[in-house]
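Participant: I'd like to go over a predicted model; first the sequence, then the structure.
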Amino acid sequence: MSQEVATIPPETKVAIWDLDGTLLNSFGIFQALIAEITPRFSIDTPREEEMLANYHGSLGDTIASLFGDKLSEEDRTKFEQDFLAGQDGHYLEVEGHLFEDALDLSRRLSIAGIRQVVVTNRGHAGRGNASPRSIVERSTLVDHIEHIICGDEVAVKKPDRSVLGTLLDDWDVSAEELVVIGDQHVDAELAANLGCKAIIVSRGGEGIVTERIAGAGAVAVQYVSSLGQAVIAEP
């Protein structure tokens, strides 16, 4: 279903980026940590396809979705704490975990004068090196990303359009001037709720994404296998 080219319209003023799986190649770290922690709870490590299918939302949501009733609520909380404690070292050097096609598109958007914001369900507080704010500040993204909305800093999360708060009003931006760039159904659903276009990059789970957003609402979704296929149209 991927297209050869995805077009970012010339009227675009703001790009809304997802973080995990779109800008940040965090799935490998996620896999390694899950495999490291599951023996502590005497449960099997899920298969890669199971992890991919449940790798979305907040960390707590992902753990609950992935393990279900295999973990009690208390054990899910402990599992999340172990995950957060273990991941800090993996993010000491962050640039190497960023997707080059996303970095390139971010640079091109910046040159075109398009403002960029990261909207992520990943939390900030207590995340250390793995905080979205730390990831941006310690990488070349700091030159292009103007605003960051973390999952624990807002009352609602993606795909609720209210996750943006007053940002669009503050920046005087309409739906026609937005594009959402992500890799999951929640990103396409956010675009649908905002009434704007979406570019969804497949990082190995395109079938899951397309199935999950079916009937999500009227939204122009362009699927690509690489963000290098995203072209910024001339005014």
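Facilitator: Cool, got the structure.
Participant: where do the helices sit along this protein?
Facilitator: Applying DSSP state H to the chain gives helices spanning 27-37, 48-53, 59-67, 73-87, 100-111, 132-137, 167-171, 185-194, 206-213.
Participant: List the neighbours of the third one that are in contact with it.
Facilitator: Read that as helix 59-67. Outside helix 59-67, the residues within contact range by C-beta atoms under 8 Å, 6 or more residues apart in numbering are 34, 43, 46, 50-51, 54-57, 71, 76, 79-80, 83-84, 121-123. To be clear about C-beta, it is placed using only N, CA and C from the backbone, and glycine gets the same treatment.
Participant: Quickly note the distance from the residue of the chain most remote from its centre to Leu109.
Facilitator: For the chain, the largest distance from the centre (C-alpha atoms, centre = their mean) belongs to Ser42, which lies 30.1 Å off. Separation of Ser42 from Leu109 (C-beta to C-beta, to the nearest Å): 47 Å.
Participant: for Ile29, same thing?
Facilitator: From Ile29 to Leu109 the distance is 26 Å (C-beta to C-beta).
Participant: Counting neighbours, go ahead and name the busier of the two.
Facilitator: Neighbours per residue, other C-beta atoms under 10 Å: of Ile29 and Leu109, the larger number sits with Leu109, 23 against 19.
Participant: Skip the chain neighbours and tell me the closest residue to that one.
Facilitator: With C-beta to C-beta, 6 or more residues apart in numbering as the criterion, Leu109 has its nearest non-adjacent residue at 5.3 Å, and that residue is Ala15.
Participant: repeat for Gln31
Facilitator: Met51 (6.1 Å).
Participant: what's near enough to touch the one you found?
Facilitator: 27, 30-31, 34, 66.
Participant: Same check on Ala233?
Facilitator: Contacts for Ala233 (C-beta under 8 Å, 6+ apart) come out as 7-10.
Participant: rerun at 6 Å
Facilitator: Residues in contact with Ala233, defined by C-beta atoms under 6 Å, 6 or more residues apart in numbering, are 7, 9-10.
Participant: among these, which are in strands?
Facilitator: Under the assignment DSSP state E, the contacts of Ala233 contribute Thr7 to strands.
Participant: Now which of the contacts of Ala233 would you call buried?
Facilitator: Buried by 16 or more other C-beta atoms under 10 Å: Thr7, out of these.
Participant: Among the contacts of Ala233, which one sits closest to Gln222?
Facilitator: Nearest to Gln222 out of the contacts of Ala233 is Thr7 (C-beta to C-beta; 7.2 Å).
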